[in-house]
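Visitor: turn this into a model:
(2 chains)
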Protein chains: 2
Amino acid sequence: MINSTMEKLGKEPSIIRETFAYGCQRKKEIGEDRVFDFSLGNPNVPAPADVNRTIKELIDENSDIYLHGYTAGNGDADARRAIAVDLNRRFGTAFRAENLYMTCGAAASLKISITALCCDGDEFVTFAPFFPEYRVFVETAGAKLVVSQTDPDTFQIDFDRLEEAVTEKTKAVIVNSPNNPSGVVIREEGIRKLADFLQKKEKAYGHTIYLITDEPYRELVYDAEIRVPFVTKYYRDTIVCYSYSKSLSMPGDRIGYILVPDEVDGSADLYAAVCGAGRALGYVCAPALAQHVVERVTGQVSDLSVYKTNRDLLYDALTADGFTCVHPDGAFYLFMKSPVPDAGAFCLKARDYELLIVPADSFGTPGYVRIAYCVTTKQIQDSLPAFKALAAAYGL
Amino acid sequence: MINSTMEKLGKEPSIIRETFAYGCQRKKEIGEDRVFDFSLGNPNVPAPADVNRTIKELIDENSDIYLHGYTAGNGDADARRAIAVDLNRRFGTAFRAENLYMTCGAAASLKISITALCCDGDEFVTFAPFFPEYRVFVETAGAKLVVSQTDPDTFQIDFDRLEEAVTEKTKAVIVNSPNNPSGVVIREEGIRKLADFLQKKEKAYGHTIYLITDEPYRELVYDAEIRVPFVTKYYRDTIVCYSYSKSLSMPGDRIGYILVPDEVDGSADLYAAVCGAGRALGYVCAPALAQHVVERVTGQVSDLSVYKTNRDLLYDALTADGFTCVHPDGAFYLFMKSPVPDAGAFCLKARDYELLIVPADSFGTPGYVRIAYCVTTKQIQDSLPAFKALAAAYGL
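Guide: Reported below is the predicted structural model:
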């Protein structure tokens, strides 16, 4: 009598949430410090000091109507202008406020973009591993998600497999770099090849294939030599979905944007469809106060040094223990091969050592686990003997 | 190639937004004070002082993870508990945190509720006049909106017409009281009759008919004798959609809730479907800082005395001028009959007198106009000669 798809989605067990809940319970039983919870991708570094300072200044200097009133549906014009200026400064682009649509974070950016594009019979292609909600957003928009496995050693794009995944029905390809959960950044060469590939497919099929680039982890890279290519410069029909959740450590504020460049095929119509989709999905405007904050701090980034410290500690220790890990270029996840085929069983075994990690099956990569290292460095250090014991239990 | 429904929704002209834009332009031409803009339902009274004070205190007293981190998808448990306690105190109910799901405002509350309920072939019934986005939310969820005209004198429910509107296909009835745009409150007698009517229909059709009560204007009533009945106490299968946009004057903060009482048929399944719909629509959680604020100020209301002053001034003057107006019990809209059948033409004529008012055709009531009196009392006073001249132009 009610919508069974929605009921099922609401009841669907989430191994991440379950693991986190188990951790909360376990911490009560044996103490906070003795449980090593690596389940959640919740930033643990504070926002830049300017975020809270800006909120207070905004309150002191502005009317309540500015602070708490509606903005335009596509976002406050000053906020959009500031973001365009910052992008142009950093990436040598030429965006204007009119290319931006403010959203309630990356999930909203993606859902709105997919809804704006989606027609009957469409397929959206993405690369494994991928954020599991892609499937939810695509399927509930009435389309099919097609998953293309990546190179099993590097997790870079495997173009032979992509060749099989992209068909006449492909409306868009979704790419997420730095990647959740692998931490891998698609290198410039990969983006160039992807652009060439898609251009050829556009010609072959005689229709546009959009590239949706999901970039909440854009600024979370830890090595000078790793550059995250700005995809609009390589492929014309690119839509950028961004969120400030990770770069400013403010996921609760629900603030991000969709960028529709002028060059995109049917740009004005697509921007209108984005506005229409936002309206249809019940988004009146992105939170106003967060928009005003972002206007003033866009381009700033939280102090991410702890993530680099954590990554290096964890990667070095786990590989020394004998685990096989993908070297994370960015984001705050370590992607590790389970020593047995059943990653779920491995994660349950890890609980014996108070290590809470999650299998990556729902990310489209069975046999792997995700270790979210957005935790204190002390937790990393304290957990290392447990990881060593776990490795030993598997004879590594 | 892109979704044409979304493109059309994005391009759809809005007479309200157009009128507002015209007003902004006109103010530049002849001066702010000489244009009387009554187009937008944007609260012009400040939020209670506790809102900004609470934000600053929260910043001073809490970690960034609490301030800016994710909450649970259904909302922060403390916020939901505080809201339940406040509702129980005010309405003698017995809700718990588990009955509440925090949302990004009323539009999100409605869209999520409709999506959670909607199955193939469903119809949703509402009463004219109605908020035009109901049609968007219902139709893009794949259902049909059926409009039941109300009594043309009182704008209370016309049960003969409702009898025609409700059929075996009816999944839910949407009611909005105090009403945008008529300002009318459905009296207790009307709610009782509606409950009886729906109970009979549930029996006749052998399935649940939900009553969705859209209540952003609940607290905006101006006369001691007007009580807004709390609908869950009259009809078992009621879902409440609430927003703090008007009561706390914080529409930009995008904060509200869905209330699913235990008594509702299939309550646990419906609550799960609400969670699933929120997930499918891209809502990760409602803005965290706003949830923390609401936890501390729920039950407070902005100083609404200016709205009452405005209502009385405007209603008395316009009826004295010879206009036919519905007496507004609440909200901040005056609903006035156009002296000619074409309300659009009347609103254009009003522009000659620098009066910016909007036709109510898109609200399902051609021949009426909406005058949003959430403006300064000075604007009301200054506009009265213009309204008098407008009346004279029509020979009233």
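
Visitor: residues from the stretch 201-350 of chain A in reach of chain B?
Guide: Applying Cβ under 8 Å from any Cβ of the partner chain, we find that the stretch 201-350 of chain A lies next to chain B at A:207-208, A:248-254, A:265-266, A:269-277, A:279-290. Using the backbone N, CA and C atoms, a C-beta is placed for each residue, glycine as well.

Visitor: out of those, which are inside helices?
Guide: When those are checked against helices (DSSP state H), the matches are A:269-277, A:279-280, A:288-290.

Visitor: out of those residues, name the two that are farthest from one another.
Guide: Using Cβ to Cβ, these span at most 31.4 Å, a distance reached by A:D269 and A:L289.

Visitor: neighbour-wise, which of the two wins?
Guide: A count of neighbours by other Cβ atoms under 10 Å in any protein chain shown puts A:L289 above the other of A:D269 and A:L289, at 25 against 19.

Visitor: for the closest residue in space to that one that isn't next to it in sequence, grab the count of nearby residues.
Guide: When the adjacent residues along the chain are set aside, A:L289 lies closest to A:L67, with 6.0 Å between them (Cβ to Cβ, 6 or more residues apart in numbering or on different chains). Burial measure for A:L67: 23 neighbouring residues, criterion other Cβ under 10 Å.

Visitor: quick one: contacts of the helix or strand containing A:L67?
Guide: According to DSSP states H and E, A:L67 maps onto helix A:64-68. Under the contact criterion Cβ atoms under 8 Å, 6 or more residues apart in numbering or on different chains, helix A:64-68 has outside partners A:58-59, A:288-289, A:292, B:42-44, B:46-47, B:51-52, B:248-253.

Visitor: just the CA atoms of the helix or strand following it, as PDB, please.
Guide: Reading on from helix A:64-68 to the C-terminus, the next helix or strand found by DSSP H and E is helix A:77-91. As requested, the backbone C-alpha atoms of helix A:77-91 are provided in PDB (Å, rounded to 0.1, in the frame of the first residue of the first chain):
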ATOM      1  CA  ALA A  77      24.200  35.200  -6.700                       C
ATOM      2  CA  ASP A  78      27.100  36.500  -4.500                       C
ATOM      3  CA  ALA A  79      28.000  33.000  -3.300                       C
ATOM      4  CA  ARG A  80      27.900  31.600  -6.900                       C
ATOM      5  CA  ARG A  81      30.100  34.500  -8.100                       C
ATOM      6  CA  ALA A  82      32.600  34.000  -5.300                       C
ATOM      7  CA  ILE A  83      32.800  30.200  -6.100                       C
ATOM      8  CA  ALA A  84      33.300  30.900  -9.900                       C
ATOM      9  CA  VAL A  85      36.100  33.400  -9.100                       C
ATOM     10  CA  ASP A  86      37.800  30.900  -6.900                       C
ATOM     11  CA  LEU A  87      37.500  28.100  -9.500                       C
ATOM     12  CA  ASN A  88      38.900  30.400 -12.200                       C
ATOM     13  CA  ARG A  89      41.800  31.400 -10.000                       C
ATOM     14  CA  ARG A  90      42.700  27.800  -9.200                       C
ATOM     15  CA  PHE A  91      42.000  26.100 -12.500                       C
END
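
Visitor: so which elements touch helix A:77-91?
Guide: Here helix A:77-91 touches strand A:100-103, strand A:256-259, helix A:288-297, going by 3 or more Cβ pairs under 8 Å, 6 or more residues apart in numbering or on different chains; DSSP states H and E.

Visitor: in JSON lines: the ones you listed, plus distance to B:L390 and mean pLDDT.
Guide: Putting those into JSON lines (distance: least, Cβ to Cβ, whole Å; pLDDT from 0 to 100) gives the following:
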{"stretch": "strand A:100-103", "distance to B:L390": "38", "mean pLDDT": "98"}
{"stretch": "strand A:256-259", "distance to B:L390": "43", "mean pLDDT": "98"}
{"stretch": "helix A:288-297", "distance to B:L390": "34", "mean pLDDT": "98"}
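
Visitor: just put these in TSV and tack on distance to B:L318.
Guide: TSV is the format used below for the helices and strands packed on helix A:77-91 (distance: least, Cβ to Cβ, whole Å):
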stretch	distance to B:L318
strand A:100-103	38
strand A:256-259	43
helix A:288-297	33
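
Visitor: the closest residue to A:S182 other than its chain neighbours pairs with what?
Guide: Leaving aside its chain neighbours, A:S182 sits nearest to A:F335 (4.3 Å; criterion: Cβ to Cβ, 6+ apart). On the basis of DSSP bridges, A:F335 is bridged to A:V326, A:R370.

Visitor: any idea how far A:P216 is from A:F335?
Guide: Going from A:F335 to A:P216 by Cβ to Cβ, to the nearest Å gives 17 Å.

Visitor: next: A:E164.
Guide: In this structure, A:E164 lies at 28 Å from A:P216, with Cβ to Cβ as the measure.

Visitor: which stretches of chain A form helices?
Guide: Counting by DSSP H, the helices of chain A are A:4-11, A:15-30, A:49-61, A:64-68, A:77-91, A:106-117, A:133-140, A:159-165, A:188-205, A:267-280, A:288-297, A:305-321, A:343-351, A:377-393.

Visitor: please identify the most buried of these.
Guide: Per-residue neighbour counts averaged over each of the helices of chain A give the maximum for helix A:106-117, namely a mean of 29 (mean count of other Cβ atoms under 10 Å in any protein chain shown).

Visitor: how distant is that one from the center of its chain?
Guide: A distance of 13 Å separates the C-alpha centroid of helix A:106-117 from that of its chain, computed with Cα atoms, centre = their mean, to the nearest Å.

Visitor: got the CA positions of that helix in PDB?
Guide: What follows is helix A:106-117 as a C-alpha-only set of coordinates in PDB (Å, rounded to 0.1, in the frame of the first residue of the first chain):
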ATOM      1  CA  ALA A 106      27.100  16.000  -3.000                       C
ATOM      2  CA  ALA A 107      24.200  13.500  -2.700                       C
ATOM      3  CA  ALA A 108      21.800  16.300  -3.800                       C
ATOM      4  CA  SER A 109      24.200  17.400  -6.500                       C
ATOM      5  CA  LEU A 110      24.300  13.900  -7.900                       C
ATOM      6  CA  LYS A 111      20.600  13.200  -7.500                       C
ATOM      7  CA  ILE A 112      19.600  16.500  -9.100                       C
ATOM      8  CA  SER A 113      22.000  16.000 -12.000                       C
ATOM      9  CA  ILE A 114      20.900  12.400 -12.700                       C
ATOM     10  CA  THR A 115      17.200  13.500 -12.500                       C
ATOM     11  CA  ALA A 116      17.800  16.400 -14.900                       C
ATOM     12  CA  LEU A 117      19.400  14.100 -17.500                       C
END
